[in-house]
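In: Fold the stuff below for me.
(one chain, ligands or ions: 1)
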Amino acid sequence: MRRVLLTGAAGGIGRRMRQALANVYPILRVSDISDLGPAAEGEEIAIGDFTDPDDLKRLVAGVDGIIHLGGLSVEHEWDDILRVNIDGTYRLYEAAYEAGVKRIVFASSNHAIGFYPRTQHLDGSERPRPDCRYGLSKVFGEGLSQYFADNYGLGILTIRIGWCFEKPNTPRTLASWVSIGDLTRLCRVGLETPELHHEIVWGVSDNSRTLWDNTTARRLGFVPQDSSDIWAAEVDAGPPEPGNDVALAVQGGPFASTGYEGDPERVTRQKPLA
Ligand code: 15L
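Out: The predicted structure follows:
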């Protein structure tokens, strides 16, 4: 990997991963629609929108591998999900293939499986159960990754990212927490492991309370170095997790219990678990 493109580099994960990837590859091309500040040593700044065909050509030109974090990272209106996360991701893969990119790491999300109950442990081979339109777009990205691996020979690692913030504060995030260090290590596995067709792995640290079996990631060479266990006692002693019956019963938490995050008027369902 000589030149790696990081999309969504101004986002919550992107900003921290940009730092974690400093000087790892000869050139890190950081891209976003928002300001990215000045280029650090070994960086190229590429402000641009991957849903715009001209920008897209420029973003992927000369790139060996892509970490695709860009796009909408929570629930949105369907038209926006369709334009950015579904059509945009498809166009990005197409442009990447045409530009000769060999590897893609796709940032999927636990919301691709968010309707599984918290009583069930998953190994990644189960069929998706998206908990919202955003989660559904991630299921599309997972299918797209399989298709581009099978049909065009790209090597793709799909990472179902758990909860990548500073420290967990609820039972759900204690189970699904991933440090930025571990997530970056996993992305590097996706770019650097010698043989890769398409695999789906969990973006999760070495948490005792995880619901996800990450054997596939470990087989590819991922060795997590962090664990949420150090916060378990604090979370156990803390306030009860907020949320209604659905949110508390399923792995996707609040994403599963609202029709449109932030707008109670748009809540269209409060279904019990099947
Ligand atoms: C996600 O996919 C979101 O991008 C992030 O903002 C978190 O809310 C996380 O899932 C979560 O599961 O809470």
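In: right, is the worst-scoring helix or strand of the chain on mean pLDDT up against the ligand?
Out: Every helix and strand in the chain was compared by mean pLDDT, DSSP states H and E; the lowest is helix 245-249, with a mean of 86. No. Figure legend: helix 245-249 not in contact with the ligand (Cβ under 6 Å from any ligand atom); closest approach 10.7 Å. The way it works is simple: take the backbone N, C-alpha and C, and place the C-beta from them, glycine included.
In: if you go through the stretch 101-250 of the chain in chain order, where are the helices?
Out: Counting by DSSP state H, counting those that start in this stretch, the stretch 101-250 of the chain has helices at residues 133-152, 171-176, 180-192, 215-220, 232-237, 245-249.
In: Could you list the buried residues of the first one?
Out: Residues of helix 133-152 classed as buried under the neighbour-count rule (16 or more other Cβ atoms under 10 Å) are 133-142, 144-146, 148-149.
In: One more: the fourth one?
Out: With burial defined by 16+ other Cβ under 10 Å, the residues of helix 215-220 counted as buried are 216, 217, 220.
In: Same check on the last one?
Out: Judged by neighbour count (16+ other Cβ under 10 Å), helix 245-249 contains these buried residues: 246, 247, 248, 249.
In: how about residue 173, what does it touch?
Out: Residue 173 sits next to 162, 163, 165, 228 when contact means Cβ atoms under 8 Å, 6 or more residues apart in numbering.
In: Can you read off the pLDDT for it?
Out: Looking at residue 173, its pLDDT reads 98.
In: what bits of the stretch 1-150 of the chain have low per-residue confidence?
Out: By pLDDT under 70, the stretch 1-150 of the chain contains no weakly predicted segment.
In: Just give me the neighbour total for the closest residue to the ligand within the stretch 101-250 of the chain.
Out: In the stretch 101-250 of the chain, no residue comes nearer to the ligand than residue 109, which is 3.5 Å away by Cβ to the nearest ligand atom. By the measure other Cβ atoms under 10 Å, the count of residues near residue 109 is 26.
In: tell me which parts of the stretch 101-250 of the chain are close to the ligand?
Out: Counting by Cβ under 6 Å from any ligand atom, the stretch 101-250 of the chain sits next to the ligand at 109, 110, 111, 163.
In: Which of the three states applies to the nearest residue to residue 92 once chain neighbours are set aside?
Out: Of all residues not flanking residue 92 in the chain, residue 50 sits nearest, at 5.0 Å (Cβ to Cβ, 6 or more residues apart in numbering). Counting by DSSP: H, G, I helix; E, B strand; the rest coil, the backbone at residue 50 sits in coil.
In: Residue 50: what's it in contact with?
Out: 7, 31, 56, 59, 70, 88, 91, 92.
In: Just these: which are in helices?
Out: 56, 59, 91, 92 (DSSP state H).
In: Run through the strands of the chain in chain order.
Out: For the chain, applying DSSP state E gives strands covering 3-7, 27-32, 43-47, 65-68, 103-109, 155-161, 198-203.
In: Also compute the angle for the second one relative to strand 3-7, please.
Out: This points to strand 27-32. 20 degrees (axes from the mean of the first three to the mean of the last three Cα atoms, to 10 degrees).
In: Pipe the buried residues of helix 215-220 into a markdown table and attach pLDDT per row.
Out: Below are the buried residues of helix 215-220 laid out as a markdown table (pLDDT from 0 to 100):
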| residue | pLDDT |
| --- | --- |
| 216 | 98 |
| 217 | 98 |
| 220 | 98 |
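In: Name the nearest of those residues relative to residue 103.
Out: residue 220 (12.4 Å; Cβ to Cβ).
In: ok, that closest one touching residue 189?
Out: Yes. With contact defined as Cβ atoms under 8 Å, residue 220 counts as touching residue 189 (5.2 Å).
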